[in-house]
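Trainee: with the sequence up front, the predicted model follows.
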Amino acid sequence: MSNGAYPPDSFELIQRKTDHIKLTHQSRTLPSSVDLRFNYEPLFFKHPDQTENWKSHFLGFDFDYPIWISSMTGGTEKAQVINTNLAKLACEFNLGMGLGSCRSLLESSERLHDFKIRKDIGSRPLFANIGFAQLAELVLENRLDKISDLIHLLEANGLIIHLNPLQEWFQPGGDRFQLTPVQVLETVFDKFSFPIIIKEVGQGIGPESLKALLNMPIAAIEFGAYGGTNFSQLESLRSNETMNLKKPFIHVGHTASEMVEILNSLPLGGKEFIISGGIQSVLDGYALKMKLKGPSVIGMASAFLEPAQQSYSALQEYFLQLKESLIVARDLLTIKKNL
């Protein structure tokens, strides 16, 4: 019996039973609504306590939970508060974090306060972030030392390079790639001594590109899969273009589920993965993590954004519910092998 059980004649117990009678018909579920991804195993489950965690290892760090705070923001008025709260969360719960695009810091330290959060995140993994277009520009100008300076300035553990060709194409005044990412990336790896993560920003990554990345000396791949925040769509909404010829391109890409299937068919070469993009629930993240054969964490961005803007206590409360739900999924559900 639960320690919090009510006496048989208590108001709370009577109210609960009254609610059960009242809500019975509204609480019916249809067989067609069952989540077919999981086996439900109640015989082997106990409710987690507040101290229970899910120890994980990622990028050489021990994590208390397999959660990565994915790249979000910088260079705006609200960014400092958001990034500071996210950094505190990563520190308290032993997570990892990627910064939003640090492009503005390559030429000026005016917005440094948005990104300089090492004191808040403590010794947890923190990755700087630039777009491929900026990397290519620095290569062409022989100024790659700017990136090493950025890593030093932010006391970062490594670098995220985001691939976003469609976003740039949609963006009014966006950058245009003069060289392909494959051509540029292969020339820079021996210039850097820190780990590199390659990610997309809402379209995901297809099979040939994944094959190429798996053969590169990078530390990890972040999915940035189709189904979540889509920056091509975002730039389309910002644009004043009246022509609609581009818009069908918004809907091309690869979901996180599809990317897991592609990766599971390839030799992973020791790479690690951040599963992100279109993760609509804890169950989505749990299912994909359990299916992917390589080491992985679940990347989350937009879900953290609203509570991070409110206050640290709001963000903390959200994460407490998130991590408990993740542990319940781990202890109560198994993945059906035929799916």
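Mentor: Yep, that arrived.
Trainee: ranges for the helices of this protein?
Mentor: 11-23, 79-93, 112-115, 118-121, 132-140, 145-154, 165-170, 181-185, 207-214, 231-238, 256-264, 282-291, 302-310, 312-332 (DSSP state H).
Trainee: buried residues in the third one?
Mentor: The one in question is helix 112-115. Neighbour-count burial for helix 112-115, counted by 16 or more other Cβ atoms under 10 Å, picks out 114, 115. For glycine as for every other residue, the C-beta is placed from the backbone atoms N, C-alpha and C.
Trainee: give me the mean pLDDT for that helix.
Mentor: The average pLDDT within helix 112-115 is 92.
Trainee: relative to the whole chain's centre, how far out is it?
Mentor: The chain centroid and the centroid of helix 112-115 are separated by 21 Å under Cα atoms, centre = their mean, to the nearest Å.
Trainee: check the second one too.
Mentor: Taking Cα atoms, centre = their mean, one finds helix 79-93 lying 15 Å from the centre of the chain it belongs to.
Trainee: burial count for residue 294?
Mentor: Residue 294 has 17 neighbours, counted by other Cβ atoms under 10 Å.
Trainee: check contacts around the closest residue in space to it that isn't next to it in sequence.
Mentor: Leaving aside its chain neighbours, residue 294 sits nearest to residue 268 (4.4 Å; criterion: Cβ to Cβ, 6 or more residues apart in numbering). Neighbouring residues of residue 268 by Cβ atoms under 8 Å, 6 or more residues apart in numbering: 214, 293, 294.
Trainee: next one: phi and psi at residue 268?
Mentor: Main-chain torsions, residue 268, degrees, to the nearest 10: phi -80, psi -10.
Trainee: so where's the chain shaky on pLDDT?
Mentor: Applying pLDDT under 70 to the chain flags the ranges 1-9, 11, 74-76, 242-243, 339.
Trainee: center of it - which residue?
Mentor: Nearest to the geometric centre of the chain sits residue 299, at 2.1 Å (Cα atoms, centre = their mean).
Trainee: how many residues are close by the closest residue to that residue other than its chain neighbours?
Mentor: With Cβ to Cβ, 6+ apart as the criterion, residue 299 has its nearest non-adjacent residue at 3.0 Å, and that residue is residue 276. Neighbour count of residue 276, defined by other Cβ under 10 Å: 29.
Trainee: can you count the residues close to residue 275?
Mentor: Neighbours around residue 275, by other Cβ under 10 Å: 29.
Trainee: for it, what are its contacts?
Mentor: 223, 225, 256, 260, 285, 288, 289, 292, 296, 297, 298, 299.
Trainee: related to what we said a few turns ago, now the residue nearest to residue 299: phi and psi?
Mentor: The phi and psi values for residue 276, taken as degrees, to the nearest 10, are phi -150, psi 160.
Trainee: residues contacting it?
Mentor: Residues in contact with residue 276 (Cβ under 8 Å, 6+ apart) are 68, 70, 199, 222-225, 228, 256, 298-301.
Trainee: residue 109 versus that one, what's the distance?
Mentor: Separation of residue 276 from residue 109 (Cβ to Cβ, to the nearest Å): 29 Å.
Trainee: likewise for residue 321?
Mentor: In this view, residue 321 and residue 109 are 38 Å apart by Cβ to Cβ.
Trainee: got it, and residue 253?
Mentor: From residue 253 across to residue 109, the span is 35 Å (Cβ to Cβ).
Trainee: looking at these two, which has the bigger crowd around it?
Mentor: residue 253 (23 against 11).
Trainee: so that one makes contact with residue 209?
Mentor: No. Using Cβ atoms under 8 Å, residue 253 makes no contact with residue 209, being 11.4 Å away.
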